[in-house]
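Visitor: 3D, please:
(2 chains)
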2 protein chains.
Amino acid sequence: MSTLATAVKRILVGRPQRSDRLSHQLLPKRIALPVFASDAMSSVAYAPEEIFLTLSIAGVASYAFSPWIGLAVVIVLLTVVTSYRQNVTAYPSGGGDYEVATVNLGKRAGLTVASALLVDYTLTVAVSISAAAANVGALVPYVAEHKVQFAVAAIVVLTAVNLRGVRESGVAFAIPTYAFMIGIATMIIWGLTRILLFGETVQAPSAGLELVAEGDALTGLALALLVLRSFTQGCAALTGVEAISNGVPAFRKPKSSNAAKTLLLLGGISVTMFMGLIWLAQLTGAKIAENPAVQFPGAPPGYVQQTLVAQLADAVFDDFRPGFFFVVVVTALILVLAANTAYNGFPVLGSILSQDRYLPRQLHTRGDRLAFSNGILVLAGVAILLVVGFQAEVTRLIALYTVGVFTSFTLSQFGMLRHWNRLLAGETDPAERSRMRRARVVNGFGAGMTGVVLIIVLITKFTRGAWIAIAAMGVFYLLMMAIQKHYDRVSAELVAGDGDGVLPSRNHAIVLVSTLHKPTLRAVAYARATRPDVLEAVTVNVDEADTKRLMRDWDKRKIPVALKVIESPYREITKPVLDYVRRIRGDNPRDVVTVFIPEYVVGHWWEQILHNQSALRLKGRLLFQPGVMVTSVPWQLASSERVTTRRPETPPGSTRRGYETPPAPLPKTSTTKAPTTKAPTTKSEVRR
Amino acid sequence: MSTLATAVKRILVGRPQRSDRLSHQLLPKRIALPVFASDAMSSVAYAPEEIFLTLSIAGVASYAFSPWIGLAVVIVLLTVVTSYRQNVTAYPSGGGDYEVATVNLGKRAGLTVASALLVDYTLTVAVSISAAAANVGALVPYVAEHKVQFAVAAIVVLTAVNLRGVRESGVAFAIPTYAFMIGIATMIIWGLTRILLFGETVQAPSAGLELVAEGDALTGLALALLVLRSFTQGCAALTGVEAISNGVPAFRKPKSSNAAKTLLLLGGISVTMFMGLIWLAQLTGAKIAENPAVQFPGAPPGYVQQTLVAQLADAVFDDFRPGFFFVVVVTALILVLAANTAYNGFPVLGSILSQDRYLPRQLHTRGDRLAFSNGILVLAGVAILLVVGFQAEVTRLIALYTVGVFTSFTLSQFGMLRHWNRLLAGETDPAERSRMRRARVVNGFGAGMTGVVLIIVLITKFTRGAWIAIAAMGVFYLLMMAIQKHYDRVSAELVAGDGDGVLPSRNHAIVLVSTLHKPTLRAVAYARATRPDVLEAVTVNVDEADTKRLMRDWDKRKIPVALKVIESPYREITKPVLDYVRRIRGDNPRDVVTVFIPEYVVGHWWEQILHNQSALRLKGRLLFQPGVMVTSVPWQLASSERVTTRRPETPPGSTRRGYETPPAPLPKTSTTKAPTTKAPTTKSEVRR
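Guide: Have a look, this model is predicted:
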């Protein structure tokens, strides 16, 4: 327990840590389980329900299929868990499915997996929040009536929290996840005890209702398809299982082995909860209709269908209401947590993809809140669109969800198959070979199984929304391809050749002047210190009176630099300066023109509005002129001090990347080579 | 006619003009009238209606007051026109009421006028577009049913057009304004002819309806207040009269005299149309109720009240429908034009206010589309709020409108009174003195009259919305005071002292390096050319492999500058560099540190997203460090060329400032003083 206590203390106290001491903050299994498994476990909250809901279309008789469908899901789940135990051992770097697919199946497969994962993140938010709203609705009827608005509001709040920068802490994950596990387990055990041991009659609220088929009775192929669809809906229970394979670096050593153990633990818990819920649902006679208004002809007017978890909790804890409240609340809570997972997983995946130049480079370096913020906003925007477009209906959203999940499962397992084939080709040790062969069988089985599920998903759900997910994956795929192509083109354009690095023949310096004040004088002094070949001060005559006053002051102070006045008949600033600079360059194309711009630096955004606007625009335009260098000579106004004292911020996704973010210490520097022209004056220490 | 033809040709052909030839583009009276009077004339479209509407509260009997109320409005209007003829002569610079109030009554009065005008601009948009929607509703019932949505859509379209930059052309104003004048005049003349000359019975659609009082019959003070309120609503006819006093510089010479004549013309036309409409309304028995559902007990179900203009046109042109359509369409058109006036007037006022440092400086220089765009967006946003908040009800909006108008009228006339008092004190010529005395009487009368109207407005309408206008004026007033105070504080902070302009003792230069490519080599070469005292290249170790490759390449190319590696344990870039720079400065506080940042310049906004993000942020943060200069060494990628070939744009408000905006020619430059250190190499010509 002392490790947990230390972890709690560290999180509460938040002592800053150096990166070379990061291993101290790696996660023990008991914390890693909730951090990485909340997403997967939360799907237990809706997957069993979806099985019953889909079966209900064929009437209550088809509920008899539910244990068998549940069993099929469990088999797939255990297969996937077993397969991923191979993944975490073979690829402990945290690249997950993307890495496995890229290394073994090539760039295109990797990018397909990445696209699928990006789509999945938005769906995780939409599905989890919709399911959370449905569960809260069981407690608060007002929420049930305004499910969409509530879900959108929840996404907005979650987004705001993540934009402000929430530090993912192990404890924040551990408490709701363990509470959920305890809640569901207690409910199942107590329910089964009451029914099987005490022989009590435990009835779900919907037990007394007559459930009729939605249309004509289904037979033959139609019924088979419905059962298959019910199975694919139930496969939503597998979403999130792959999360651990992305998080191996955050585990304690031996990382892979611990990750594999946690994966097994997750699989065991999920399967138990999943089957327990299905069993309990059957025993309590819970009925979930796809279309309650039609399928429950005997229901009282205004009947609102509750989630399966809420119905079971209601039935099991009919004489102990706190139990009911507890189960429903922790279910909603873990679902919100699962949604939050996407907010944290996104930057991690973004960082990996940007390293491979599929996404903007700045996602790779840390502390770039701006880039992450944009990503979070896109994530939230798409999730809100999905929630509104599908009216927060979990069932309809899941039709989209499973495509992406099984695409990455399948590609990842096929990748592992290739991985073992490659290793086997170069391995001679018989023991090792037989181990690899066994692993290959596991992954081959996994690939086959997930591939079949993927095909079933495509057949049964393509027109029900899966096409949207596929289209979105296509968009991401093409976008990332385009970004990489752009980076490739630019870096080809920038390759240093032999003629580069030649010193400019002359330096023609211009100090831009608007008024004669401290920043101007500083700019002139600095410009003189850079010893250009030509130096002149330039002002644009926007206001006759102002210009005359400036010229008078200039003479009076005897500034040793000529002041040139550029006429601007239309009171513009940018264009006359640009034209003037262009003319200098035109006269002497081999010269460099340096433009010195005095700037005030202010501390408030509203001060920024009041200053420097024309300077900024001019700077922006000057950069487009070949051979023009732009030097900002800042003058810090008193108000600018507040900015320099601002504290650094914590980017999201820190915990699952294996480190917390403390404020950085003074960086160490190392010089690689003795300088040949001038010696640096600062002491430098070599670290590596 | 040749001048008009020339003007038309010039506008159509759009030949660029130099500013020293601007006088060619000044407006003849026949074009100036529509340009500056469309706002004032358009108010005729709603002012008479408002008189009847307000009176209707006391029942149809009170309609007997309408000619007298109309007459009172006419007296005020003619008084204001006469007073403003003095203004344009005394203040021909185009500063309008703001200038008159500032010069004669001081800064606070001027700022009050400016605040009132800013509020008025938003109300002009809201009122005019709402009235236009009501008139279009007479043609298209669908618009009448969705008045608010239509009005909002119209504002959005108008905003989009103005954001894209519409060139205000004289012809674009002339056609609808003259069409409106012709339409209304024809309607009045033809209606009077039919009734009075031919003895026909011309009946408005509402003539047959019984109009009852809204509550109990009003008597005594209550009735008097209602009549006063009806009068103040009718005074909406005066809005826009002051526009000409802002536009004197755009008139041909003799500017003041031509402006005064145009003002008189405007007054005559407005009064004629205004009284004609009231007379015609009485003859045709038109009835306008404030609350048609209650006050027309005999109306058929679903009765929709049309605007007065539409009712009159319906009655007069009952056997010639094109006439009806024409009048309604041109009325809607001139109202949209009046709304557009605000979009153009805003930047003009903004420019004047920014010159006095009440608004951001960049509003003063021209061609600053960004600043104007923000202003236009604020204008449109507030107008939409008003339209939605008041459900596009012209009557309720006018309650806000007249406060601002009469505030500026009154302050301006009081200012003129002071103006003449001051001049009289220094004048001895008896003829001149008696002319001034006469002028003083005119302005004194105007001040008294508009002051009384302002008080009546405040008494009758304060609780009906006028308080909102007053509050908004207060907000603008305080905001502009705060902005000026800020500018004053900054300029005090920046006053150049004796110790300024001292050369820095040493220059420590740093070239930031991420990869070894052309931009880096250029930056190193340029940095060497500036001959700093210390020069070093610095890279941040974000990725171990990348850094190693960079170091290898650096050695291979034998670059004569040392490369220093800064460790970044948390993969940040900004902070380690900032810390390093701070350390250099800490060691040698009198040194200057110059940071050279190689940048790629790209042509598309989406390329900007993919590049330079960390460089930009770093630049922003470095500027906050005292003694640090930041030099951008740009490298223009091929795609950047499209930006350099972009055409300049036309800012709004050009016509009413007296010039069109042609693309600027090459600026002329003038050097004011022989250089003492180094001679400029470009030829310069002295212009003034």
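
Visitor: use CA for all of it now, contacts and neighbours both
Guide: Will do.

Visitor: So for stretch A:285-299, first residue to last residue, what's the gap.
Guide: 15 Å (C-alpha to C-alpha, to the nearest Å).

Visitor: CA atoms of stretch A:480-489 as PDB?
Guide: Output in PDB follows, covering the C-alpha atoms of stretch A:480-489 (Å, rounded to 0.1, in the frame of the first residue of the first chain):
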ATOM      1  CA  MET A 480      -2.800  13.400 -43.400                       C
ATOM      2  CA  MET A 481      -1.400  12.200 -46.700                       C
ATOM      3  CA  ALA A 482      -1.600  15.700 -48.000                       C
ATOM      4  CA  ILE A 483       0.100  17.100 -44.900                       C
ATOM      5  CA  GLN A 484       3.000  14.700 -45.300                       C
ATOM      6  CA  LYS A 485       3.200  15.400 -49.000                       C
ATOM      7  CA  HIS A 486       3.400  19.100 -48.200                       C
ATOM      8  CA  TYR A 487       6.200  18.600 -45.600                       C
ATOM      9  CA  ASP A 488       8.100  16.500 -48.100                       C
ATOM     10  CA  ARG A 489       7.800  19.100 -50.800                       C
END
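
Visitor: Any buried residues in that stretch, and which?
Guide: Within stretch A:480-489, the residues that count as buried by 16 or more other C-alpha atoms under 10 Å in any protein chain shown are A:480, A:481, A:483, A:484, A:486, A:487.

Visitor: now do stretch A:289-306
Guide: Across stretch A:289-306, burial judged by 16+ other C-alpha under 10 Å covers A:289, A:290, A:292, A:295, A:296, A:299, A:305, A:306.

Visitor: closest to residue A:208 among the buried residues of stretch A:480-489?
Guide: Closest approach between the buried residues of stretch A:480-489 and residue A:208, by C-alpha to C-alpha: residue A:480, at 53.5 Å.

Visitor: Where does the closest one sit: helix, strand or coil?
Guide: For residue A:480, the secondary structure call by DSSP: H, G, I helix; E, B strand; the rest coil comes out as helix.

Visitor: Also residue A:632?
Guide: Residue A:632 is classified as strand under three-state DSSP.

Visitor: Give me the neighbour count for residue A:605.
Guide: For residue A:605, the neighbour count with other C-alpha atoms under 10 Å in any protein chain shown is 8.

Visitor: quick one, domains of chain A?
Guide: Following automatic domain parsing, one finds the domains of chain A at A:33-299+A:327-489, A:507-637.

Visitor: still on that earlier bit, just curious, which of the buried residues of stretch A:480-489 is nearest to residue A:232?
Guide: Closest approach to residue A:232 among the buried residues of stretch A:480-489 (C-alpha to C-alpha): residue A:480, at 29.3 Å.

Visitor: I figured that closest one hits residue A:359, correct?
Guide: Yes. When contacts are counted by C-alpha atoms under 8 Å, residue A:480 is listed as touching residue A:359 (6.3 Å).

Visitor: Counting by contacts, list what the strand or helix carrying residue A:348 packs against.
Guide: Using DSSP states H and E, residue A:348 sits in helix A:321-355. Here helix A:321-355 touches helix A:29-42, helix A:107-139, helix A:147-164, helix A:170-192, helix A:308-316, helix A:369-389, going by 3 or more C-alpha pairs under 8 Å, 6 or more residues apart in numbering or on different chains; DSSP states H and E.

Visitor: Quick check: next helix or strand after the last one?
Guide: Proceeding C-terminally, helix A:369-389 gives way to helix A:394-426 as the next helix or strand, assigned by DSSP H and E.

Visitor: Work out the gap between that following helix and the centre of the chain.
Guide: Relative to its chain's centre, helix A:394-426 lies at 20 Å (C-alpha atoms, centre = their mean, to the nearest Å).

Visitor: tell me the mean pLDDT over the helix or strand that that helix is followed by?
Guide: As assigned by DSSP H and E, the chain's next helix or strand after helix A:394-426 is helix A:430-461. Mean pLDDT, helix A:430-461: 91.

Visitor: now do stretch A:548-564
Guide: The model assigns stretch A:548-564 a mean pLDDT of 91.

Visitor: So is that stretch next to chain B?
Guide: Yes. Judged by C-alpha under 8 Å from any C-alpha of the partner chain, stretch A:548-564 and chain B are in contact via A:551, A:555, A:560, A:561, A:562, A:563, A:564.

Visitor: Report the buried residues of that stretch.
Guide: So stretch A:548-564, judged by 16+ other C-alpha under 10 Å, has buried residues A:550, A:551, A:554, A:559, A:560, A:561, A:562, A:563, A:564.

Visitor: Take the residues you listed and keep only those in helices.
Guide: With DSSP state H as the criterion, helices contain A:550, A:551, A:554 from among these.

Visitor: list the contacts for the first one?
Guide: With contact taken as C-alpha atoms under 8 Å, 6 or more residues apart in numbering or on different chains, residue A:550 is in contact with A:514, A:515, A:516.

Visitor: now do the last one
Guide: Applying C-alpha under 8 Å, 6+ apart to residue A:554 gives the contacts A:516, A:563.

Visitor: ok, it to residue A:563 distance?
Guide: Distance from residue A:554 to residue A:563, by C-alpha to C-alpha: 8 Å.

Visitor: ranges for the strands of the stretch 551-688 of chain A?
Guide: Here the stretch 551-688 of chain A has its strands, by DSSP state E, counting those that start in this stretch, at A:563-567, A:592-601, A:628-636, A:669-671.
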